[in-house]
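Student: Provided below are the primary sequence and the corresponding predicted coordinates.
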Amino acid sequence: MTATAALVAATPALAQDGPPPSSTPASTLAADLDKDTITVAVAGAYLTDYEGSNDYRFVPAPAVQATISGYNIQVLGNRASVDLIRDRPGPVWDLQAGPIGVINFNRQNNKNIDDRRIRALGERNTAIELGGFVGIGKTGVITSDYDKLSATLSYRHDVNNAHDSDIWQPTVAYFTPLNVKTAVGLFVSAERAGGGYARSYYSIDGTQSLASGLAVYNARGGWKNWSVGLAGTYSLTGDLLHGWKAIGGVNYRRMLNDFADSPVVSVAGSRGQWLAAAGIGYTF
């Protein structure tokens with residue numbers, strides 16, 4: 001669900017950057033940029049059965065994004081984070097740092113997996129991944145004083161002994177308001193996972209091979225995937241900082257190295273996967 005969270009995160013986050021001051025309504029909105037806002041959204045996401053699958057299903061993807069006294073709080077599907085460095089309004093540099101937590105449901109329930117070969121490999125325990133992130137952003141880069149370019153690096157470790165491993169994730173994102181009602185965002189990301197993650201989800205031992213028909217495989221840690229996504233939001237009532245809005249986006253993920261070469265992906269799944277999400281949110 002990491003990609004799902006990224007898509008749902010992108011669109012409510014755009015409301016925090018605000019619109020260009022090119023008209024009287026926009027100028028009024030500019031005065032609201034340092035005020036507290038909360039965006040609540042729910043989307044339907046179309047994503048793969050498991051990480052590396054070529055089968056798809058629909059899942060709900062709720063999201064809450066809040067800016068309170070300059071601090072950003074996100075609860076996005078299976079992911080939560082808090083930026084403990086206070087933001088300042090205007091075209092400024094923005095330092096970011098804080099805790100992050102992810103509940104990883106990958107292959108946790110065979111009822112959600114169509115491929116009988118993957119079901120035969122057995123279910124995995126739910127992974128609780130806790131860690132932190134650091135980053136830097138710049139508001140007022142290309143299109144106006146309100147677009148934003150940011151780069152972050154997050155680290156998570158499974159504390160539930162599901163895969164007992166680390167995940168590093170660098171992300172670069174660019175968000176820009178097009179007017180007082182519309183904003184778009186583009187992001188690229190990658191993940192590097194440890195050996196425990198590779199063994200838990202992508203290795204196949206002799207017993208599993210006999211049960212599934214997939215070849216024995218010993219996966220090693222390393223760069224797991226890269227992804228690129230596009231997201232947008234359009235205000236149905238009010239503007240980017242107030243009222244109802246439609247949200248949506250699309251993401252492409254490409255598996256890499258031992259993760260891509262595993263029969264879990266190369267035989268039973270696909271090295272490339274698409275994800276799409278669409279929904280509605282309200283900002284107040």
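Tutor: The structure has been received and is ready for your questions.

Student: in this protein, which spans are helices?
Tutor: Here the chain has its helices, by DSSP state H, at 2-17, 24-30, 116-120, 195-202, 206-212, 257-261, 263-266.

Student: in the stretch 101-250 of the chain, where is pLDDT below threshold?
Tutor: Judged against pLDDT under 70, the stretch 101-250 of the chain has no low-scoring part.

Student: please enumerate the strands of it.
Tutor: Counting by DSSP state E, counting those that start in this stretch, the stretch 101-250 of the chain has these strands, from start to end: 127-139, 148-158, 166-177, 182-193, 222-235, 243-255.

Student: export those strands to CSV and tack on mean neighbour count and distance to residue 83?
Tutor: The C-beta positions use only the backbone N, C-alpha and C, and glycine is treated the same way. CSV is the format used below for those (neighbours: other C-beta atoms under 10 Å; distance: least, C-beta to C-beta, whole Å):
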stretch, mean neighbour count, distance to residue 83
strand 127-139, 18, 8
strand 148-158, 19, 10
strand 166-177, 20, 14
strand 182-193, 20, 16
strand 222-235, 20, 19
strand 243-255, 20, 21
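
Student: let's have those in TSV, adding distance to residue 59.
Tutor: Converted to TSV, these look like this (distance: least, C-beta to C-beta, whole Å):
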stretch	distance to residue 59
strand 127-139	17
strand 148-158	21
strand 166-177	21
strand 182-193	20
strand 222-235	17
strand 243-255	14
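
Student: looking at those strands, which is nearest to residue 103?
Tutor: The closest of the strands of the stretch 101-250 of the chain to residue 103 is strand 127-139. By C-beta to C-beta, the value is 6.0 Å.

Student: now for that closest one, which elements pack on it?
Tutor: Strand 127-139 is packed against strand 93-104, strand 148-158, with contacts defined by 3 or more C-beta pairs under 8 Å, 6 or more residues apart in numbering; DSSP states H and E.

Student: those strands: which one's closest to residue 198?
Tutor: strand 148-158 (12.7 Å).

Student: partners of that closest one, with directions?
Tutor: Strand 148-158 pairs in its sheet with strand 127-139 (antiparallel), strand 166-177 (antiparallel), by DSSP bridges.

Student: what are the phi and psi angles of residue 125?
Tutor: With angles defined as degrees, to the nearest 10, residue 125 sits at phi -70, psi 150.

Student: contacts only, for it.
Tutor: Residue 125 makes contacts with 108, 160, 161, 162, as judged by C-beta atoms under 8 Å, 6 or more residues apart in numbering.

Student: ok, 10 Å please
Tutor: Counting by C-beta atoms under 10 Å, 6 or more residues apart in numbering, residue 125 touches 104, 107, 108, 158, 160, 161, 162, 163, 200.

Student: would you list those in JSON lines and tack on distance to residue 189?
Tutor: Formatted as JSON lines, the contacts of residue 125 follow (distance: C-beta to C-beta, whole Å):
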{"residue": "104", "distance to residue 189": "16"}
{"residue": "107", "distance to residue 189": "21"}
{"residue": "108", "distance to residue 189": "22"}
{"residue": "158", "distance to residue 189": "19"}
{"residue": "160", "distance to residue 189": "23"}
{"residue": "161", "distance to residue 189": "26"}
{"residue": "162", "distance to residue 189": "22"}
{"residue": "163", "distance to residue 189": "20"}
{"residue": "200", "distance to residue 189": "21"}
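
Student: hmm, which of the residues you listed are the buried ones?
Tutor: Neighbour counting with 16 or more other C-beta atoms under 10 Å marks 104, 107, 108, 158, 162, 163, 200 as buried within the contacts of residue 125.

Student: many thanks, have a good one.
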